[in-house]
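Enquirer: Sequence and predicted structure are below.
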Amino acid sequence: MAIKGKNRGRTGRSVTPGPKPVYTPVKTPLLAKRSFWITLGAILGVALLVGLVVGWLIQRDANADAELEGRMQTAVNQYQGALAPVLATLGQPAPPTSFSGFPAFAQALADLEGETEDEPVDAGEVQQTARNTLESVGNAQRALEEIDESELVSGKGFSEEFVLYVINSKKDLVRALALYRQAALLVDMAADTEGEQREQLVARAGGVTDAAAELLSSGYSEFVQAQQKAGLFDPSALQPPGATGVG
């Protein structure tokens, strides 16, 4: 007898389909990207602009410095033109920045200070030297009065340091000459006296002369510094050949 079988469906494990292929685009090389070159161009353009601006600023500052130095040199040359003849009558520079003034007068005063009974000084010569000094001082004072140092340095953009060099130079020279005048008058008086009175006058003259010499060197030093600031210092330009100053 035949046995009817049951219809059986398909059995077994199901097969999972494989992944679908995905398209992976090929990367464009960096150097082939338009955006790269646009960005790079922008960066280079900004750098070029910055470089041009910086260069212009540097050149502008260099031009301004050159113009300022030129004005300083003009002022110093004008001051030197008026001052050099005056200094030439007073003495001569003592490097590096000092000034030896009135050598004949200094020697006459030294002779008085070292005078002894065995070695008396010639009072007439000392007195004449003192009077020559008074004449030289007067001439120098009048010449300095004609120098308008404020006009030379005012309103020209100079540094305070440079302005003070010029102004203080003349101020110290004027004060030095005033003291040399006092010292010369004291020596003139001392030449007419003797003994203790002469000694007292000579001692006073010596103290005043020391102060005058210090101020004279200070004024000359300030002048040298003004020249150095302007890049013009030349020691040989101050002293004409053969000039030694008068006593």
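Expert: Cool, got the structure.
Enquirer: does L134 really touch A178, like I thought?
Expert: No. L134 sits out of contact with A178 when judged by C-beta atoms under 8 Å, with a separation of 11.9 Å. C-beta coordinates here come from the backbone N, C-alpha and C atoms, glycine included.
Enquirer: more neighbours, these two?
Expert: L134 (18 against 14; other C-beta atoms under 10 Å).
Enquirer: Average pLDDT for stretch 145-155, rounded please.
Expert: Average pLDDT, stretch 145-155: 92.
Enquirer: same question, stretch 119-135
Expert: pLDDT averaged over stretch 119-135 gives 95.
Enquirer: which residues make contact with that stretch from outside it?
Expert: Applying C-beta atoms under 8 Å, 6 or more residues apart in numbering, the contact partners of stretch 119-135 are 102, 104-105, 107-108, 111-112, 115, 180-181, 184-185, 187-188, 190-192, 246-247.
Enquirer: now it, how far from the chain's geometric center?
Expert: Mean C-alpha position of stretch 119-135 versus that of the full chain (C-alpha atoms, centre = their mean, to the nearest Å) differs by 41 Å.
Enquirer: can you check stretch 161-170 too?
Expert: For stretch 161-170, the distance to the chain centre is 10 Å (C-alpha atoms, centre = their mean).
Enquirer: Mind listing residues that contact that stretch?
Expert: The contact list for stretch 161-170 (C-beta under 8 Å, 6+ apart) reads 72, 75-76, 79, 83, 144, 147, 149-150, 152-154, 218-220, 222-223, 225-226, 229-230.
Enquirer: Mind doing that once more with 10 Å?
Expert: With contact meaning C-beta atoms under 10 Å, 6 or more residues apart in numbering, stretch 161-170 is reached by 68, 72, 75-76, 79, 82-83, 144-145, 147-150, 152-154, 156, 158-159, 171, 218-230.
Enquirer: Buried among the residues you listed? Need that as a selection in ChimeraX.
Expert: Only the buried entries of these go into this ChimeraX selection, using 16 or more other C-beta atoms under 10 Å:
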select :68,72,75,76,79,82,83,144,147,149,152,153,158,171,218,219,220,221,222,223,224,225,226,227,229,230
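Enquirer: ranges for the strands of this structure?
Expert: Assigned by DSSP state E, the chain shows strands spanning 91-94, 98-101.
Enquirer: Tabulate these (a markdown table), appending mean pLDDT and mean neighbour count.
Expert: Shown next, in a markdown table, are these (pLDDT from 0 to 100; neighbours: other C-beta atoms under 10 Å):
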| stretch | mean pLDDT | mean neighbour count |
| --- | --- | --- |
| strand 91-94 | 92 | 18 |
| strand 98-101 | 94 | 22 |
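Enquirer: For G231, give me its contacts.
Expert: Residues in contact with G231 (C-beta under 10 Å, 6+ apart) are E69, M72, Q73, V76.
Enquirer: Leaving out chain neighbours, which residue sits closest to the second one?
Expert: When you say that, I think you mean M72. A230 (4.0 Å; C-beta to C-beta, 6 or more residues apart in numbering).
Enquirer: before we move on, what about the last one?
Expert: Closest residue to V76 apart from its sequence neighbours, by C-beta to C-beta, 6+ apart: A230 at 4.5 Å.
Enquirer: Tell me how far A88 lies from E146.
Expert: For A88, the distance to E146 equals 16 Å [C-beta to C-beta, to the nearest Å].
Enquirer: more neighbours, those two?
Expert: Taking neighbours as other C-beta under 10 Å, A88 and E146 compare with A88 leading, 16 against 8.
Enquirer: Okay, that one and S221: tell me how far apart.
Expert: A88 sits 17 Å away from S221, going by C-beta to C-beta.
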